[in-house]
Each structure stands twice: as C-alpha cells, then as structure tokens.
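S.K.: next come a sequence and a model predicted from it.
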Amino acid sequence: MKSVVKFQLSLMMFLEFFIWGGWFVTMGIYLPNTLESSGAEIALAYSTQSWGAIIAPFIIGLIADRYFNAERILGFLHLVGAILMYQMANANEFLVFYPYILGYMIIYMPTLALVNSVSFNQMDNPANQFAIIRVFGTVGWIVAGLVISYVFHWDSEENVAQGMLRNTFLMTAVASAILGVFSFTLPKTPPGANRSERISISGILGLDALKLLKDRNFLIFFIASILICIPLAFYYQHAGQFLGEIKLGNPAGKMTIGQVSEVIFMLLLPWFFARFGFKKTILFGMLAWILRYLLFAYGNADELAFMLLIGIALHGICYDFFFVSGQIYTDAKAGNKYKSAAQGLITLATYGLGMLIGFWIAGKITDYYASAENVHDWPDIWMFPAIFALVVSLLFVLFFKNEKIVYNS
C-alpha cells in the first residue's frame with residue numbers, strides 16, 4: 001500500500017471516530033442536565049444508534065455494493081450528518097432533539113461499514129494491515145474526549161450546568177463536514193456486484209449477505225455478536241452516568257483511557273491472531289467484559305478508584321479482540337462480491353439488534369435499581385452484564401469450532 005493511501009485511510013478513520021466520540025460519551029450527561037430529559041428519554045436517544053445500524057445494511061446493499069462508489073456515498077452521508085448535528089446543537093427540548101438524532105444515526109451508522117469497505121479494498125492482507133489503519137480511529141476518539149475534558153472543560157460540573165456540552169455537537173458538525181469533503185478524495189472503491197445481474201428483492205436490500213449464515217461457524221459468530229452487545233449496551237449507556245454519579249471527575253477524559261488501551265491492543269491484534277487464532281482471540285475479548293463489570297461492581301471513586309480505571313482500560317481487549325476481529329473475520333468469509341453488504345450485516349448484528357435489545361434491558365435494570373432520589377445501586381446493576389457475558393462466552397466455547405482464516409481477495 002502506498003504511503004499516500006495509508007495517510008488517506010488513517011485520516012479517514014481518525015475523523016470517523018472523532019465524530020462519534022465527540023458527542024456519544026457525554027450525551028448521557030448532556031440530556032438530563034441541559035434538556036431535562038428523563039431516563040426513558042436518554043435510553044430512547046441512545047437506541048437511535050441501533051435503529052441506524054438496523055437500517056444500515058439496507059442502505060449499503062442498495063447503493064454501495066451495486067450502484068455507487070463507497071467513498072462517494074461516505075462523503076454525501078457525512079455532509080448531511082453535519083447539518084443534522086448542527087440542528088441537534090440548537091434543539092432546546094428533547095422532542096425537538098430526538099428527530100434530529102434519529103435522522104443522524106440513520107445517516108452515520110452506514111458509514112462504519114463504508115470506511116471498512118474503503119480500507120479493505122486497498123489491502124491484500126487485511127489481517128495484518130487493517131489494525132494499523134483502524135487504530136487511528138481510536139486515536140480520533142481519544143482526542144475528542146481529551147478536547148472535551150481537558151481543553152474546553154465542557155464536562156466540568158460548572159460548565160455542564162451552563163449547558164456548555166452543547167458545543168460538542170457543534171464540534172462534531174465541523175468534523176463531519178470536513179470528512180464529507182475529504183471523502184471525495186479517497187481511493188476509488190467501486191461496487192463489487194454486477195449491476196447488470198438480475199436484481200432480486202434480497203439483492204436490493206443487501207440481504208444477499210445473509211447467505212453467509214449458512215456457514216455454521218459464521219452463524220454462531222453472528223449470534224454471539226448479537227448477544228455480547230447486550231452487556232456492551234450497559235457500558236455505552238450508563239458508564240458515563242455511573243462515573244458522574246459516584247463523583248469521579250472528568251468522566252469524558254477518564255474514559256479515553258479505554259481508547260488508549262484500544263490503540264495498544266489494536267497493534268497487538270495481528271500477533272494474537274497469529275499466535276492464538278480467531279476463536280481464542282475473540283474469547284479473550286468476551287472474558288474481558290466479565291472482568292470489567294466485576295471491577296465496576298466492586299470499585300468506587302475513593303480508595304478503590306484504581307479498579308474503575310482498570311475496568312475502563314480493559315476496553316482495548318473488550319472492543320478490539322471481539323469487534324475488530326469480527327470485522328476481519330467477516331471480510332474473510334464474505335469474499336469480494338458482498339464485502340460492503342457483509343460489513344453492513346455485522347453492523348446490524350452488533351450495533352443494531354444486539355444493542356437495541358441491550359439498551360432496553362439496561363434501562364429497565366437501571367431503573368429497577370434506582371431509589372426515589374434517582375440514586376442507583378450500581379454494584380447490583382453491573383453484576384447483570386457480567387453474568388450475561390459469562391453465559392455468552394461459555395456458549396461460544398462450546399459451539400464455535402476453531403478455524404484458520406483464509407482471506408479471499
């Protein structure tokens with residue numbers, strides 16, 4: 001891969017995840033403090049990610065795999081996203097805010113599959129090359145959190161009270177506009193499917209990638225992807241709220257420790273693949289979820305704060321070893337014709353179905369363990385995702401047969 005292409009793909013990944021990290025972590029703080037949103041409304045806002053992910057494969061299958069270059073679609077979606085993000089910054093109540101965030105997530109979630117497709121199209125050995133590119137996405141998320149907490153201090157108690165977290169949406173709008181324009185300069189990623197082929201309903205909707213589920217191992221992986229995202233939803237929806245409620249300062253900045261860890265383990269991922277294979281690598285990721293939630297359950301903001309920080313730092317293993325490994329595995333299974341649709345399918349399984357169910361379950365459990373003063377029994381809450389992750393891990397060990405990944409270019 002040429003150096004200029006590496007730079008383009010790395011900057012694309014940086015901006016893609018800078019955008020997501022620039023508002024997603026702190027929205028759980030912003031909504032109740034600025035828009036006076038209820039817990040149900042917060043869960044509703046976060047669940048838009050899942051609806052976007054559910055719709056994403058249909059968009060990708062319709063246009064990216066058959067009609068238009070992936071990089072052009074990516075640019076268009078981010079330009080529209082910049083407008084919607086600006087509107088979110090100016091919403092003064094949840095009923096106004098919600099339609100914009102729903103529209104935005106329907107626009108944004110397909111881009112996760114598109115950046116992967118653009119990247120994989122330039123690689124002849126993704127198992128070794130993808131991690132180096134993808135790590136810049138993690139760096140982007142880290143930079144967003146550090147800017148919020150330590151440059152502008154938008155998540156400080158005083159600034160939150162003044163509604164300063166609104167600026168995170170403006171920052172994201174600018175970044176989205178930049179990526180939208182930049183995307184049109186990316187390497188060409190033409191459709192993989194032949195547009196002259198007879199078009200079926202499943203082909204139009206991108207459902208041809210469902211043929212991958214006939215492979216027993218991929219089916220087990222697909223189901224595990226859905227189930228493991230239920231405990232993941234607890235982290236995304238409630239970790240920031242948890243850290244703020246127990247008075248651990250600078251929650252957005254503290255949570256970037258997880259992304260720093262993600263950089264380290266992203267770079268180690270090729271070695272783990274070579275040394276342990278796909279099954280053990282992804283299993284390490286599942287087991288890390290169990291340990292993380294146990295640390296959250298028994299840690300506190302005082303003398304046991306180190307347990308919380310270790311739990312956050314485990315994000316590198318939790319995310320890289322399951323989700324990035326899964327993206328590489330999916331690309332290897334899909335072959336050239338349905339790369340984009342397959343990435344959209346796994347996005348549906350993880351950020352769509354799994355997290356939609358997870359957000360709902362997490363909201364119900366968190367509300368159940370809330371007092372009349374809206375103070376939560378966090379140790380009991382965190383035990384639920386820990387136990388669930390343990391069950392998923394055991395099922396994966398029993399039913400997934402180890403296999404060597406062979407990449408089909």
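M.R.: Yes, it's here.

S.K.: same for the host helix or strand of residue 130, what does it pack against?
M.R.: Assigned by DSSP states H and E, residue 130 belongs to helix 126-146. With contacts defined as 3 or more Cβ pairs under 8 Å, 6 or more residues apart in numbering; DSSP states H and E, helix 126-146 has these neighbours: helix 3-21, helix 94-120, helix 251-298, helix 325-334. For every residue, glycine as well, the C-beta is placed using N, CA and C.

S.K.: quick one: find the helix or strand in this protein with the lowest mean pLDDT.
M.R.: Using mean pLDDT, DSSP states H and E, the weakest-scoring helix or strand in the chain turns out to be helix 201-204, at a mean of 53.

S.K.: just to revisit the earlier point, CA-only coordinates of the helix holding residue 130 in CSV, if you can.
M.R.: The C-alpha coordinates for helix 126-146 follow below in CSV (Å, rounded to 0.1, in the frame of the first residue of the first chain):
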residue,chain,number,x,y,z
PRO,A,126,-6.3,-7.3,6.0
ALA,A,127,-5.4,-9.4,9.0
ASN,A,128,-2.0,-7.7,9.1
GLN,A,129,-2.8,-4.3,7.5
PHE,A,130,-6.3,-3.3,8.9
ALA,A,131,-5.3,-2.9,12.5
ILE,A,132,-2.7,-0.3,11.6
ILE,A,133,-5.3,1.8,9.8
ARG,A,134,-8.1,1.2,12.3
VAL,A,135,-6.0,2.3,15.2
PHE,A,136,-6.2,5.9,14.0
GLY,A,137,-10.0,5.8,14.6
THR,A,138,-9.3,5.0,18.2
VAL,A,139,-6.9,8.0,18.3
GLY,A,140,-9.6,10.2,17.0
TRP,A,141,-12.0,9.1,19.8
ILE,A,142,-9.3,9.8,22.4
VAL,A,143,-8.6,13.2,21.0
ALA,A,144,-12.3,14.1,21.1
GLY,A,145,-12.6,13.1,24.8
LEU,A,146,-9.4,14.9,25.8
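
S.K.: what comes into contact with whichever helix or strand comes after that helix?
M.R.: Downstream of helix 126-146, the next assigned helix or strand under DSSP H and E is helix 157-161. Contact with helix 157-161 is made by 29-30, 33-34, 152-154, 165, as judged by Cβ atoms under 8 Å, 6 or more residues apart in numbering.

S.K.: quick one: pLDDT of the residue lying closest to residue 311 once chain neighbours are set aside?
M.R.: Leaving aside its sequence neighbours, residue 311 sits nearest to residue 295 (Cβ to Cβ, 6 or more residues apart in numbering; 3.6 Å). Here, the pLDDT recorded for residue 295 equals 97.

S.K.: contact partners for residue 295?
M.R.: Listed by Cβ under 8 Å, 6+ apart, the contact set of residue 295 reads 307-308, 310-311, 314.

S.K.: let's see it at 6 Å
M.R.: The contact partners of residue 295, by Cβ atoms under 6 Å, 6 or more residues apart in numbering, come to 307, 310-311.

S.K.: and residue 311, by the same measure?
M.R.: Contacts of residue 311 by Cβ under 6 Å, 6+ apart are 292, 295-296.

S.K.: do you know how far it is from residue 143?
M.R.: Note on residue 311: its distance to residue 143, by Cβ to Cβ, to the nearest Å, is 22 Å.

S.K.: again with residue 325
M.R.: As judged by Cβ to Cβ, residue 325 and residue 143 stand 24 Å apart.

S.K.: more neighbours, those two?
M.R.: Set residue 325 next to residue 143 and count neighbours by other Cβ atoms under 10 Å: residue 325 wins out with 24 against 18.

S.K.: so what's residue 190 closest to, chain neighbours aside?
M.R.: Computed as Cβ to Cβ, 6+ apart, the closest residue to residue 190 that is not its neighbour in sequence is residue 69, at 5.5 Å.

S.K.: can you give me phi and psi for residue 376?
M.R.: Backbone torsions for residue 376, taken as degrees, to the nearest 10, come to phi -100, psi 150.
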